[in-house]
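1. how does the following fold in three dimensions:
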Amino acid sequence: MLALLSGCASRAEGVLIPTSLQVRNTSVVNVLVATTRKESPTPGVLFSGERGREPETTEIEVSIPPAANRSVGQVQWPKRLPADPERDFTTVAVNSLTIPEARQWLKGHLPKSRRVLVFVHGFNNRYEDAVYRFAQIVHDSGADVAPILFTWPSRGSIFAYNYDKESANYSRDALETMLRRIAQEPGVGEVTVMAHSMGSWLTIEALRQMAIRDGKISPKIQNVILASPDLDVDVFGQQMQELGKQKPKFTLFVSRDDRALALSKRISGNVDRLGQIDPTQEPYRSELEKEGITVLDLTALQSNDKLNHGKFAESPEVVKLLGNRLIAGQAVTDSSVGLGESIGALALGTAQTVGGAASVAVSAPIAIFDPNTRRTYTEQIDRFGQTVGGTLQTAAGH
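-> Predicted structure coming up:
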């Protein structure tokens, strides 16, 4: 397990040194990066895994290789410097910004949708890990957003789990303040917050603090996406109650074969982690439906990630779904996705029949569990006719 968790040995250090070398057909992603990390004296590293006194903000432009030279979902790290933009992710520009300058960046990068995407990374991530991964997500999803990364002091070591957890706690106020400032910008229409792994804990805690301090979560924060959330399920239940009645729409990515969360469960008192639950089983099924939470079960989805912990970012199907629908807060179980789009979703729900349960199933790698599925079961069957309906009912009997 430790061998699988350690990866990254062949990567170059200092990849955030800007390069002036340009090649045709590359794409540039401009990201605003806020951090609670301490500055690093090492060129091209920028920020270490230690805790800084005050949050810092930086604008970073990342070049993505031409489509012909890369696979969707993958960050192609340079093995040596200077990086080859034809084949590698490269850094084009790095600019430190004051808070007023960061506000100007946001005004200048808001798309017509007026939507902002905030990403909060997880455990065992260095600063450059978070920057390049988020640039990849933004590029591959094609999301129409102003991209903002919040990166907290992770030491990027599998042996620093407890330090990272305390660093997430250390960063709650800073993330809360940043989210409030974004929401207060008049030009911003809506905010989606996407968090991975331990970053989910940090995100929910920051929103919880906002709800307590302000009496509510800003209505502009409309969507929260938790990918492989490293959250104690009992704690998450309490947090959700403390967010108040007017919550954002929540979407979870879970995978029962997530090996990183299996390790986290063992070192956290053997309590289920939210990102590893089976949403078809009680008590989770009823609780998720009651809270109106959509769950995408990626257990059957194949991934190049040996830990099965980063499927949400590495799967072409999932990043497409992120860009097309989830970041925009759209439903993923209606007629165009739930029963027939190319990703081949699997929608599971309970029919409103006395003493019985039924499932709507299509053989596919992604399972979508949405609170609306129960109410729309009959409509879905009718919409696709007797042939499809027969197939679905047969599947429901297994």
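
2. distance of residue 201 from residue 156?
-> Separation of residue 201 from residue 156 (CB to CB, to the nearest Å): 18 Å. C-beta coordinates here come from the backbone N, C-alpha and C atoms, glycine included.

3. more neighbours: these two, which one.
-> Legend: neighbour count by other CB atoms under 10 Å for residue 201 and residue 156, higher for residue 201 (26 against 18).

4. please give the element, helix or strand, for the more buried one.
-> helix 199-214 (DSSP states H and E).

5. who does that helix touch, helix- and strand-wise?
-> Under the contact definition 3 or more CB pairs under 8 Å, 6 or more residues apart in numbering; DSSP states H and E, helix 199-214 sits against strand 115-120, helix 161-170, helix 172-184, strand 190-196, strand 221-227, helix 233-242.

6. give me the buried positions along it.
-> 199-211 (16 or more other CB atoms under 10 Å).

7. so residue 88 belongs to a strand, correct?
-> No. Counting by DSSP: H, G, I helix; E, B strand; the rest coil, residue 88 is not part of a strand but coil.

8. so where's the protein shaky on pLDDT?
-> Scanning the chain for pLDDT under 70 picks out the ranges 1-9, 331-365, 371-398.

9. can you do 80?
-> Along the chain, the parts satisfying pLDDT under 80 run over 1-10, 21-22, 269-270, 301-306, 308, 317, 324-326, 328-398.

10. what about the strands in it?
-> Listed in chain order, the strands of the chain (DSSP state E) span 27-39, 47-64, 90-97, 115-120, 146-151, 190-196, 221-227, 249-254, 294-297, 345-347, 366-369.

11. now render those strands as JSON lines, adding distance to residue 170.
-> Formatted as JSON lines, those follow (distance: least, CB to CB, whole Å):
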{"stretch": "strand 27-39", "distance to residue 170": "7"}
{"stretch": "strand 47-64", "distance to residue 170": "6"}
{"stretch": "strand 90-97", "distance to residue 170": "22"}
{"stretch": "strand 115-120", "distance to residue 170": "14"}
{"stretch": "strand 146-151", "distance to residue 170": "13"}
{"stretch": "strand 190-196", "distance to residue 170": "16"}
{"stretch": "strand 221-227", "distance to residue 170": "20"}
{"stretch": "strand 249-254", "distance to residue 170": "25"}
{"stretch": "strand 294-297", "distance to residue 170": "30"}
{"stretch": "strand 345-347", "distance to residue 170": "39"}
{"stretch": "strand 366-369", "distance to residue 170": "34"}
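
12. residue 19: which of those is closest?
-> strand 90-97 (5.3 Å; CB to CB).

13. outside of the closest one itself, list whatever touches it.
-> Here strand 90-97 makes contact (CB atoms under 8 Å, 6 or more residues apart in numbering) with 15-19, 21, 28, 32, 44, 46, 56-63, 78, 82-84, 105.
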